[in-house]
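K.L.:
Got a predicted structure plus its sequence, pasted below:
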Amino acid sequence: MKDQLQKIYDEAQEMLAQAKNLEDIENIKLKYLSRKGELNSIKKNLKNLSDEDKKVVGAFANEVANNLENSVKEKYDIFYKQELDEKLKKEKIDVTLSGKYIPRGHVHPVTDTINEITEIFHALGFSLTTDENSPEVETEYFNFDMLNFPKDHPAKDMQDTFYTKTAPHVLLRSQTSGSQVRTMESMKLPIRVIDPGRVYRNENINSRKNNFFHQIEGLYVDKGVTFADLKGVLTEFLRIYFGSSRPTRFRSSYFPFTEPSVEIDVQCIMCHGKGCRTCSGTGWLEILGAGMVDVNVLKNCNIDPEVYSGFAFGMGVERLSMLKYAIDDIRLYFNNDQRFLEQF
Ligand code: DAH
C-alpha cells in the first residue's frame, strides 16, 4: 500500500511538473485530492490493515497528502499570478489616446421652449392643468361654443379649422383655449394653471404659418383678479424670457372669450424695429393674446362673475422661439433637418 501511495504521489508530481495553466491544476486537484480522488480511495482501504500497519501507512498517507497539497498550492499561486498579469496587460488602457466622439441627443427646440416657459410660469405660481383637460381632438363645444364664439364666427369655418369625418362637431383643436373651459369645470377655485399643447389650423403653409404649431394657454381665476394682475404677470414673463432690454407693447384687441382683450407684440429681432419682410414692415411681431375672462365664459362654467374674476392668455411657442433665436421660417421646426436641430 505504501508503494501504491508513493506511485500516486510520483505520478501527481509528474503531472504537476507538466501542468500549463490553472485549469490543469484544478484537474490534478480533482484527480488526486478531492473526496473521490485517488488518495482517498486508498485511505479507505486502511481499515483492512493491522493496527500496527494502520499507524505507519496512515501516517505516510497523510504525509503524501500534505506534500501534494503544498505542491499543488505552490503551482496554483504561480499560475494564478501569471494569468492575472496577462489579463491586466491585455486590459491596460492608454489614457492618452483621444476619445471616440459619441453624439449626444437633446430635446427638440419646441420642447425646449415649452420647458423654459413652463419653468418661468412655475416660478410665478402657475401649475400645469391635467392632460385630460387638454385633448388635441376636441369638440366644437369646448373649442368654440363654451368660449363665447357666435354660431357664425369665421374661425368655425372648415376653411380655418380641421373637422374630422368620424363624428359631427369633432375637430382638431384650433387653439388651446378649450382647456380653460375644461379646467374651470373640473378644478376647484382658485385656479392658476398653464397648458402647453399642439394646435391645428387649415392654413396655407409659408414661412410664418404652419398647419400645426404649439401654444401655451394660461388661466388665473380667483376673487379680485384685475387687469393689473394680467399686466404684471405677463410683463414679468416677457422680462424673464426676452431680457429687460427687448421692447414689447400691449395693444388693445378682441377675442370672443375675453373682455377687455389685448395682444402683446415684441420688437422684430430681424430688423430691430426698422421694418422688414419678417414683420411685414411694422417692426413688431405679435406673440400673445390675453384678456379678462369674459363674464359669459365664467357663467358657462358655473362660476359666479359677481364673486370671481380672472385673466387668460395664449401664446405661440414657435413664434416665441423664433423671436428669441432670430429664426425666420417656422417650417424649419418641423423639417427634421439635423443642420438646424443641432444648433440648439
Ligand atoms: N386662443 C387665441 C388664439 O389662438 C389666443 C388667446 C387670446 C388665448 C386671448 C387666450 C386669450 O387665453 O385670453 O389666437
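P.N.:
Perfect, thanks for sending it.

K.L.:
rest of the way, CA atoms for contacts and neighbours
P.N.:
Fine.

K.L.:
quick check: domain ranges of the chain?
P.N.:
Using automatic domain parsing, the domain parsing of the chain gives 2-90, 109-341.

K.L.:
Same list (those domains) but as a markdown table, adding mean neighbour count and distance to the ligand.
P.N.:
Conversion of those to a markdown table gives the following (neighbours: other C-alpha atoms under 10 Å; distance: least, C-alpha to the nearest ligand atom, whole Å):
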| stretch | mean neighbour count | distance to the ligand |
| --- | --- | --- |
| domain 2-90 | 14 | 64 |
| domain 109-341 | 18 | 3 |
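
K.L.:
got those domains as TSV, with mean pLDDT columns?
P.N.:
TSV is the format used below for the domains of the chain (pLDDT from 0 to 100):
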stretch	mean pLDDT
domain 2-90	88
domain 109-341	95
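
K.L.:
closest to residue 96 out of these?
P.N.:
domain 2-90 (16.5 Å; C-alpha to C-alpha).

K.L.:
residue closest to the middle of this protein?
P.N.:
residue 107 (8.0 Å; C-alpha atoms, centre = their mean).

K.L.:
quick one: secondary structure of that residue?
P.N.:
Following DSSP: H, G, I helix; E, B strand; the rest coil, residue 107 is assigned to coil.

K.L.:
Let me see the contact set for it.
P.N.:
If you count contacts by C-alpha atoms under 8 Å, 6 or more residues apart in numbering, residue 107 has none.

K.L.:
again, but for residue 331
P.N.:
Contact partners of residue 331, counting by C-alpha under 8 Å, 6+ apart, are 206-210.

K.L.:
what do you get for residue 1?
P.N.:
If a contact means C-alpha under 8 Å, 6+ apart, then residue 1 has 42, 57 as its contacts.

K.L.:
what pLDDT does it get?
P.N.:
pLDDT, residue 1: 81.

K.L.:
Begin at 26 from now on, thanks
P.N.:
Done: numbering now begins at 26, and the last item shifts to residue 26.

K.L.:
how much space between it and the ligand?
P.N.:
Distance, residue 26 to the ligand, using C-alpha to the nearest ligand atom, to the nearest Å: 103 Å.

K.L.:
nearest to residue 61, of the contacts of residue 356?
P.N.:
Taking C-alpha to C-alpha as the measure, residue 61 lies nearest residue 235 of these, at 81.9 Å.

K.L.:
OK, contacts around the closest one?
P.N.:
Residue 235 makes contact with 226, 228-229, 355-356, according to C-alpha under 8 Å, 6+ apart.

K.L.:
Residue 85: what secondary structure?
P.N.:
Three-state call for residue 85 (three-state DSSP): helix.

K.L.:
Spit out the contact partners of the closest residue to residue 309 other than its chain neighbours.
P.N.:
Nearest in space to residue 309, with sequence neighbours left out and distances taken as C-alpha to C-alpha, 6 or more residues apart in numbering, is residue 292 at 4.5 Å. Residue 292 makes contacts with 271-273, 298, 308-310, as judged by C-alpha under 8 Å, 6+ apart.

K.L.:
cool, and residue 29?
P.N.:
Contacts of residue 29 (C-alpha under 8 Å, 6+ apart): none.

K.L.:
Render the CA-only coordinates of the helix or strand harbouring it in PDB, please.
P.N.:
Assigned by DSSP states H and E, residue 29 belongs to helix 27-43. Written as PDB, here are the backbone C-alpha positions of helix 27-43 (Å, rounded to 0.1, in the frame of the first residue of the first chain):
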ATOM      1  CA  LYS A  27       2.900   2.300   0.700                       C
ATOM      2  CA  ASP A  28       4.200   1.600  -2.800                       C
ATOM      3  CA  GLN A  29       0.800   2.400  -4.200                       C
ATOM      4  CA  LEU A  30       0.800   5.700  -2.300                       C
ATOM      5  CA  GLN A  31       4.300   6.500  -3.500                       C
ATOM      6  CA  LYS A  32       3.300   5.700  -7.100                       C
ATOM      7  CA  ILE A  33       0.400   8.100  -6.900                       C
ATOM      8  CA  TYR A  34       2.500  10.800  -5.400                       C
ATOM      9  CA  ASP A  35       5.100  10.500  -8.100                       C
ATOM     10  CA  GLU A  36       2.500  10.500 -10.800                       C
ATOM     11  CA  ALA A  37       0.800  13.500  -9.400                       C
ATOM     12  CA  GLN A  38       4.200  15.400  -9.100                       C
ATOM     13  CA  GLU A  39       4.900  14.500 -12.700                       C
ATOM     14  CA  MET A  40       1.600  15.900 -13.800                       C
ATOM     15  CA  LEU A  41       2.200  19.000 -11.800                       C
ATOM     16  CA  ALA A  42       5.500  19.500 -13.500                       C
ATOM     17  CA  GLN A  43       3.800  19.300 -16.800                       C
END
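
K.L.:
Quick one: name whatever helix or strand follows that helix.
P.N.:
That would be, after helix 27-43 and using DSSP H and E, helix 47-53.

K.L.:
That'll do, ta.
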